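> compute the structure for the input listed below.
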Amino acid sequence: MFKITNFQNKFFSLFLGMTLLGIILVGAGGSLNDAQAQENNADKYIFVFVREGCSACAREEAFLKNIKDKNIKITLLDIDKKDNYDNFSKIIEKNKLSKVTP
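Numbers count the residues shown, from 1 in each chain. You can find the predicted model right below:
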């Protein structure tokens with residue numbers, strides 16, 4: 001009935017190849033989105049240096065308790081403890097921040 005020319009055969013092969021490549025790329029894109037979603041769901045950490053009797057620290061603690069994201073781990077570090085104060089000092093020095101203690 002229909003005679004397929006060499007040009008039509010090459011065009012069809014190219015079209016089929018490009019379609020398959022598109023399907024593969026869409027599948028790979030879906031995998032990348034899955035990886036991004038997993039990364040976004042990964043645990044995140046917030047370390048907060050606090051001190052007993054500090055009103056700003058108390059307000060910060062109250063604010064942080066309202067965070068509903070289950071993937072955020074919040075750790076309060078009392079700077080009245082020597083190890084915590086030493087870590088606080090190292091972070092301040094390393095990042096060239098003002099040393100304002102709570």
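> determine the three-state secondary structure at the closest residue to residue 47 other than its chain neighbours.
Leaving out its chain neighbours, the residue that sits closest to residue 47 by Cβ to Cβ, 6 or more residues apart in numbering is residue 75, at 5.1 Å. All C-beta spots, glycine's among them, are computed from the backbone N, C-alpha and C. At residue 75 the chain is in strand, as set by DSSP: H, G, I helix; E, B strand; the rest coil.
> for residue 87, see how far away residue 75 is.
With distances defined as Cβ to Cβ, to the nearest Å, the gap from residue 75 to residue 87 amounts to 11 Å.
> give me the more crowded residue out of the two.
Residue environment comparison for residue 75 versus residue 87 gives the larger neighbour count to residue 87, 15 against 9, counting by other Cβ atoms under 10 Å.
> in whichever helix or strand that one is part of, what counts as buried?
Secondary-structure assignment from DSSP states H and E places residue 87 in helix 82-94. For helix 82-94, burial by neighbour count (16 or more other Cβ atoms under 10 Å) applies to 84-85, 88.
> for that helix, packing partners?
Packed against helix 82-94, as judged by 3 or more Cβ pairs under 8 Å, 6 or more residues apart in numbering; DSSP states H and E, are the following elements: strand 72-78.
> please enumerate the strands of this structure.
Counting by DSSP state E, the chain has these strands, from start to end: 44-50, 72-78.
> got the ones you listed as a markdown table, with mean pLDDT and distance to residue 92 columns?
Formatted as a markdown table, the strands of the chain follow (pLDDT from 0 to 100; distance: least, Cβ to Cβ, whole Å):
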| stretch | mean pLDDT | distance to residue 92 |
| --- | --- | --- |
| strand 44-50 | 89 | 10 |
| strand 72-78 | 90 | 13 |
